[in-house]
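> Sequence below, structure please.
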Amino acid sequence: MIIGKKYKICRRLGDRVFNKCQTPAFSRSIAAKRIGGMKRRPPKARSEYAAQMLEKQKARFTYNVSEKQFSNYVEKSRETKGVNPADFLYKSLEGRLDNVVHRMGFAPSRAFARQMVSHGHITVNDKKVNIPSYQLKKGDKVSIRPGSKAKTLFNGLNDKLKNFPMPKWIRFDMENLSGEVIGEPSLLESASLFNLNSVIEFYSRT
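Modelled structure (predicted):
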C-alpha cells in the first residue's frame, strides 16, 4: 500500500493505525490540508452503524488483514460457545504469527512482520513457518531462523530490544532472540485503539 493511501486512511481512522502515520511527515500533511488557517467544519454526528464500521476498519487495518480474513475471525468468535466474542476475537488477532513477531520487536510494523514470515525468516518450535496467519498457542516458541540471523534486516536487533516493551504473555530470551508464548493476551489489559464489542455488533447486523 503506497504511503499516500495510508495517509488518507489514517486521516479517516486515526493516526495510530499505521506506523507511517506516527511521523512528522504525516503531521505536515495534516497541516497542509488546513488552507489559509481556515477553521474546519465540525464533523457530522455519525450513525451507530457508521461508528461501528469505523471501529471495524480501525481493527482490520491495524492488524493488516483482508476483509475476508477479518470477517472469518469475527464469525468464529461469534460461533464459539462459552467465550466472550470480543475477547476471543482479540486473542485470535493477537495470536497471529505476524502480530507476535511484531510484538516481540523483530519488525517495526505488522506489514513488515508479515513479509518477514512469508519470506521464511521465522521459526515456530524450531520449524520454519511462512504463514503469517498461523495461530500460536501457549508453549509455542518463536525465533529467527538460524540462517537468517546474519541478514541485514536483523542488524542491531539486540540493542533495539534492550528496552522494548514486551507483552506480559510473551517470555523473551534475549541471548537466543526467541520468545515463548506463556499465556493469553487479555482484552481487559490491552490499550486497544478500537472497540471490539462494536465490531461484533457491526457483524451481528448482517
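
> give the contact list for the residue nearest in space to the middle of the chain.
Using CA atoms, centre = their mean, the residue of the chain that lies closest to the mean C-alpha position is Tyr63, 3.3 Å off. By CB atoms under 8 Å, 6 or more residues apart in numbering, the residues touching Tyr63 are 70, 93, 96, 99, 110. No exception for glycine: its C-beta is placed from N, CA and C like everyone else's.

> right, and the fourth one touches Ala113 too?
Yes. Distance between Asn99 and Ala113: 7.1 Å, which falls inside the contact criterion (CB atoms under 8 Å).

> continuing past the worst-scoring helix or strand of the chain on mean pLDDT, what's the next helix or strand?
In the chain, the helix or strand scored least confidently by mean pLDDT, DSSP states H and E is helix 24-32, which has a mean of 54. Going down the chain from helix 24-32, the next helix or strand is helix 48-62, by DSSP states H and E.

> who's in contact with stretch 115-129?
97-98, 101, 106-107, 130-132, 134, 136, 140-145, 148, 151, 153.

> and if we set it to 7 Å?
Contact partners of stretch 115-129, identified using CB atoms under 7 Å, 6 or more residues apart in numbering, comprise 97-98, 101, 106-107, 130, 132, 134, 136, 140-145, 148.

> what about burial for those, which qualify?
97-98, 101, 106-107, 132, 134, 136, 140-145, 148 (16 or more other CB atoms under 10 Å).

> Now, these that are in strands?
Using DSSP state E, the members of the buried ones among the contacts of stretch 115-129 that fall in strands are 141-144.

> Could you point out which of those residues is nearest to Gln52?
Proximity of those to Gln52 was ranked by CB to CB; the top entry is Val142 with 33.3 Å.

> beta partners for the nearest residue to that closest one once chain neighbours are set aside?
The shortest distance from Val142 to any non-neighbouring residue, by CB to CB, 6 or more residues apart in numbering, is to Gly179 (5.1 Å). Gly179 forms beta bridges with Val142, Phe172, as assigned by DSSP bridges.

> residue contacts, Asn64?
Asn64 touches 110-111, 114, counting by CB under 7 Å, 6+ apart.

> Mind doing that once more with 6 Å?
Neighbour list for Asn64: 110-111 [criterion: CB atoms under 6 Å, 6 or more residues apart in numbering].
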